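# coordinates for the following, if possible.
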Amino acid sequence: MNDYDALRDYLMRQKQDELVLSFEQIEEIIGAALPRAANRASWWDSLRSPDIQMPQREACLAAGFVATRMPDGASVRFRKQKSDRRR
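Model (predicted):
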């Protein structure tokens with residue numbers, strides 16, 4: 001279990017394709033303060049350095065969402081990924 005499992009579970013319960021959560025809302029969901037690095041847009045970027053394990057990114061992707069920090073610097077947009085995988 002990692003610190004962001006609660007965020008993953010929260011996102012998995014969402015019905016809408018896109019939602020925006022403030023840092024405060026995310027902290028309430030995970031039950032902890034976000035690290036200072038969360039202020040950087042790159043920390044939320046789901047497509048950045050896929051070979052580097054980042055627990056917040058893994059949680060979002062596991063729930064089927066891509067995260068992007070909003071320009072206000074205090075919230076994050078979670079957008080449901082298109083399920084276009086054929087295996």
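# now do the helices in the chain.
Listed from the start of the chain, the chain has helices (DSSP state H) covering 5-12, 23-30, 41-44, 55-62.
# residues in contact with the third one?
So the one you mean is helix 41-44. Under the contact criterion CB atoms under 8 Å, 6 or more residues apart in numbering, helix 41-44 has outside partners 35, 37, 38, 48, 54, 56, 57, 67, 68, 69, 76. All C-beta atoms are positioned from the backbone trio N, CA, C, and that covers glycine.
# try 7 Å
Contact partners of helix 41-44, identified using CB atoms under 7 Å, 6 or more residues apart in numbering, comprise 37, 48, 67, 68, 69, 76.
# in these, find the pair that's most separated.
37 and 68 (15.4 Å; CB to CB).
# and the two? which has more neighbours close in?
Neighbours of residue 37 and residue 68, each counted by other CB atoms under 10 Å, are more numerous for residue 68; the result is 17 against 11.
# list the contacts for that one?
The contact partners of residue 68, by CB under 7 Å, 6+ apart, come to 44, 45, 76, 77.
# among the residues you listed, which one has the most neighbours?
Going through the contacts of residue 68 with other CB under 10 Å as the criterion, the one with the most neighbours is residue 76, at 24 neighbours.
# quick revisit: and the contacts of helix 41-44 as JSON lines, adding pLDDT?
As requested, these are arranged in JSON lines below (pLDDT from 0 to 100):
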{"residue": "37", "pLDDT": "89"}
{"residue": "48", "pLDDT": "63"}
{"residue": "67", "pLDDT": "93"}
{"residue": "68", "pLDDT": "92"}
{"residue": "69", "pLDDT": "93"}
{"residue": "76", "pLDDT": "96"}
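# tabulate these in JSON lines, adding columns for distance to residue 31.
JSON lines is the format used below for those (distance: CB to CB, whole Å):
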{"residue": "37", "distance to residue 31": "18"}
{"residue": "48", "distance to residue 31": "26"}
{"residue": "67", "distance to residue 31": "18"}
{"residue": "68", "distance to residue 31": "23"}
{"residue": "69", "distance to residue 31": "21"}
{"residue": "76", "distance to residue 31": "17"}
